[in-house]
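**Q** pasted the sequence and its predicted model underneath.
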Amino acid sequence: MKRLTSLFVLVLSLTLWGATDAKAETGCLACHNGIERFSEGDMQKDIEKFGASYGDPAGCTVCHGGDATETKDKAKAHMGAPDQLTKKGGPDAFYPDPGALWISDKACGQCHQGYKERLEKALMNTEAGKLQGNLWSWGLQADRKVVYGNYDVIDEDGIVPAIGSDAYKKYMTAFAKEHADQMPKRLKQIPQVNVDDISKHPNQAGITYSRQQCQRCHVGIRGRERRGDYRGTGCSACHVPYSNEGFYEGGDPTIDKTQRGHMLTHQMQATRKTKVTLGDKHYSGIPAETCVSCHNRGKRTGVSYQGLMEFPYGSPFNASGKKQNKLHTKVYVFIKADLHHEVESMDGNPKGGMLCQDCHTSIDMHGDGNIFGTTLAQVEVECEDCHGTVKKAPWDLPLGHGEDFDKPLGDTPRGLTKELPEYMKEATVYEPQDGYLLSARGNPLGNVVRKGDEVIMHSATGLDFKVPVLKIIDDTSSYKSTMAKVAMGEIEKHQETMECYACHADWAPQCYGCHVTMDYSKGKDGKPKTDTDWISSGNARDPKNGLTADWPLNGGKSNVRSPGKASETRSYLRWETPTLGINGEGRVSPLMPGCQVITTVIDKDGKTVAENVINMTPEGKGIDHSAVQPHTAGRQARPCESCHDNPKALGYGIEGGRFMLGYEKGWVVDLADAQGNIIPGKATTQIPAIPQLDHDLSAIINEDGEQIVSVGSHWDLTGPLPEEVRDSVEKAGICQACHEERFNPEFWAKVSDPGVMDTFDHQEMVKKALQAYAEKRQAQKKMKQ
């Protein structure tokens, strides 16, 4: 058989060729002899048993369809499907990728029922929240209601979740009623742009920008072919391993090992019980890098979890004197990995680390059958679900803790459970010990158990971790520092009103200013400029095999394109001390730059119809700041002064917003006279003006406390820290209270000795002053009595 065409190369399926009892020269293995069995567990045995019942002992056709009896003619072998399969709801055609979302119910869904329907409505397919956020910043969204997605989707079975515990279903039914704008009953595919309207409505270019630049990561399609972005579609996007380089390293002789874009090996990655073997290496679980093939843009939580942040330089040079190879089309600097990524396991593995799936549940990823409009709506876990608070263990917290939405929760403990919903039993099932912990919404966390006073987290990697329980730390006074005890154990407001990661996020990627040019003019070839339209590509699919227009390996250029071509860059980058604000749940949270769009639009005739324009949202300029869980947790929290003596943290911008000013005028740089007039007649503008930008991009409020930009697009509670919170937090000028007395030499001599104090001496002196003040107050109280 000739080498596989690009249509067949990935073979991403949940399938099973390889070492079976079948002879290598028979069936599919006549050509694919040496390909890996997809799994080594009971699933594989069941598939092979079923396949053997109609003459395919390797079981390939159970997932792929096709004709296993045809060993001479490739075209015939890759046609149709056995009647025995089709009659049982299996493949009715040949499926190069049985995991492809649109036909997965007939392949993966033969065993894993319901996942296709749930995933179609979940954020990993609809990207509804991303679209709403983009439209908001481009001035195309009149309110917070989620309307559009990548596809037309209708929730026909109502708002009661299709899966989950009884407690979860009750919780989410009420949640959907309370937050109807964020839990829509239907989505419409976002429309194409009429290029003729761009001259009158330049901000409609935001739709083109979304379709071409932002929607490539949903699981309905295969996505971009670039280093780090190779993946399958649908189920295969997560459950089939791809390396960043995109090369096949397995044993199938028909797959080109020199062509990028192929799976790493024809095996399934899933939970602890499913092992993947490649040469002398073995692993279980879904590596974080699989998730990062998509989660490297937007909030950038995937790369941030690994400690990476994009930057413009590409240093250090390699041995050839070249810059870094681009990953996800970017180059990176290492900041610091999330502690969960490198945390020591119970067996002493110092850098075993946890996988994304160890915290994030099946519903977080596949959905529950409802349509979700935002990440916050779909994700069911909170930090406190495992760690608890200093006052209560996780099982003593009420349901809803951590996503209060400014409403009372009551004191009924959520408890534990030893029962798992049916859908969880398909994964690795762990001994419940004293009981499985519950998520904030009432579902069992099937890999997190209580054992006495301990909480044990079973990672899909095979490692086990002992979870620090805050109440035990507080009860035993085993804090790592005095300040930790003060911040967590003594100041109740911190735990009552703040997200854990408001303090424990070590850093957050901050890309200030998203400068976008959308160009609809003609190129040098005289043809209108175009680019891949990822939404159109996903909707242009083969109804027989579920493959979308971007499937063939051709450099990632889909033949489905739309008018316009984007280019983009940034103003500046930061990573340290993110701004604080209020998130959608009503809690203090880090903020990061969201869609801070500063746009230039060129129409089809080559005319610039918008130049460095900031569009307006319902709550101000579309220089959005979004609440974020940065996924950069550290055991040592950010220092007190990084919030209490930092105007940026409070929303005023870096050092109070005193830098990066004057952009509303722009700059011409050349010879100038004493009055600042440019002398040469042929001088050109160095930094073009951004007429509406009269403040630093890092600022969300001005010195009068007025909100000047958008803060979040999805939830009513999002916004800057309220005035009363800022007043209680801000402690700027504390040093000055003492040190301004240096201008009084007589007084200063009474409180200070000659020389320089180190930090410890200074702290001791302040403690003594505080003690003296306390004694004085006590004496005054006694005198009044």
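**A** Nice, I can see it. Numbering: from 1, shown residues only.

**Q** for this structure, what helix or strand is lowest in average pLDDT?
**A** Lowest on mean pLDDT, DSSP states H and E among the helices and strands of the chain sits helix 734-739, with a mean of 76.

**Q** just the mean pLDDT for whichever helix or strand comes after that helix, thanks.
**A** For helix 734-739, the following helix or strand on the C-terminal side (DSSP states H and E) is helix 745-751. Across helix 745-751, the average pLDDT comes to 80.

**Q** centre of the chain to helix 745-751, how far?
**A** 56 Å (CA atoms, centre = their mean, to the nearest Å).

**Q** ok, stretch 564-574 next?
**A** The chain centre lies 20 Å from the centre of stretch 564-574; the measure is CA atoms, centre = their mean.

**Q** name the SS class of residue 449, please.
**A** When classified by DSSP: H, G, I helix; E, B strand; the rest coil, residue 449 comes out as strand.

**Q** what sits closest to it if chain neighbours are left out?
**A** Excluding the flanking residues, the one nearest residue 449 by CB to CB, 6 or more residues apart in numbering is residue 433, at 4.5 Å. Placement of C-beta: from N, CA and C, glycine included.

**Q** now residue 614
**A** Excluding the flanking residues, the one nearest residue 614 by CB to CB, 6+ apart is residue 692, at 4.3 Å.

**Q** the one you found should be in a strand, yeah?
**A** No: Residue 692 sits outside any strand when classified using three-state DSSP, being coil.

**Q** tell me how many other residues crowd it.
**A** Using other CB atoms under 10 Å, the number of residues around residue 692 comes to 17.

**Q** residue 381 now?
**A** Neighbours of residue 381 (other CB under 10 Å): 19.

**Q** who touches it in this structure?
**A** Residue 381 makes contact with 359, 360, 361, 364, 439, 440, 445, according to CB atoms under 8 Å, 6 or more residues apart in numbering.

**Q** repeat that for 10 Å
**A** Contact analysis of residue 381 by CB atoms under 10 Å, 6 or more residues apart in numbering lists 359, 360, 361, 363, 364, 402, 439, 440, 441, 443, 445, 448.

**Q** swap in residue 137?
**A** For residue 137, the contacting residues are 203, 206, 514, 594-597, 599, 614-617, 621-624, 626, 710, 713, by CB under 10 Å, 6+ apart.

**Q** can you pull out the low-pLDDT segments for this structure?
**A** Judged by pLDDT under 70, the chain has its weakly predicted residues at 1-25, 556-557, 732.

**Q** rewinding a little: pretty sure the residue nearest to residue 449 is touching residue 454, no?
**A** Yes: using CB atoms under 10 Å, residue 433 makes contact with residue 454 at a distance of 9.0 Å.

**Q** please enumerate the helices of the stretch 551-700 of the chain.
**A** Taking DSSP state H, counting those that start in this stretch to define them, one finds helices in the stretch 551-700 of the chain at 641-644, 647-650.

**Q** now do the first one: which elements does it pack against?
**A** Going back to what we said before, that points to helix 641-644. Other helices and strands packing on helix 641-644, by 3 or more CB pairs under 10 Å, 6 or more residues apart in numbering; DSSP states H and E, are helix 500-504, helix 647-650, helix 723-729, helix 734-739.

**Q** only C-alpha atoms, please: export it in PDB.
**A** Extracted in PDB, the C-alpha atoms of helix 641-644 (Å, rounded to 0.1, in the frame of the first residue of the first chain):
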ATOM      1  CA  GLU A 641       3.400  46.000  50.600                       C
ATOM      2  CA  SER A 642       2.800  44.800  47.100                       C
ATOM      3  CA  CYS A 643      -0.900  45.600  47.600                       C
ATOM      4  CA  HIS A 644      -1.000  47.900  50.600                       C
END
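
**Q** buried sites along it?
**A** Within helix 641-644, the residues that count as buried by 16 or more other CB atoms under 10 Å are 642, 643.

**Q** what residues does it touch?
**A** The contact list for helix 641-644 (CB under 10 Å, 6+ apart) reads 498, 502-503, 576-578, 580, 588, 648-650, 721, 728-732, 734-735.

**Q** count the neighbours of residue 70 for me.
**A** Neighbour tally, residue 70, other CB under 10 Å: 17.

**Q** near the closest residue to it other than its chain neighbours, how many residues? Count them for me, please.
**A** Leaving aside its sequence neighbours, residue 70 sits nearest to residue 77 (CB to CB, 6+ apart; 4.1 Å). Residues lying near residue 77 (other CB under 10 Å) number 21.

**Q** repeat that for residue 323.
**A** Residue 323: 13 neighbours (other CB under 10 Å).

**Q** rewinding a little: the residue nearest to residue 614 and residue 118, how far apart?
**A** To residue 118, residue 692 is 43 Å away according to CB to CB, to the nearest Å.
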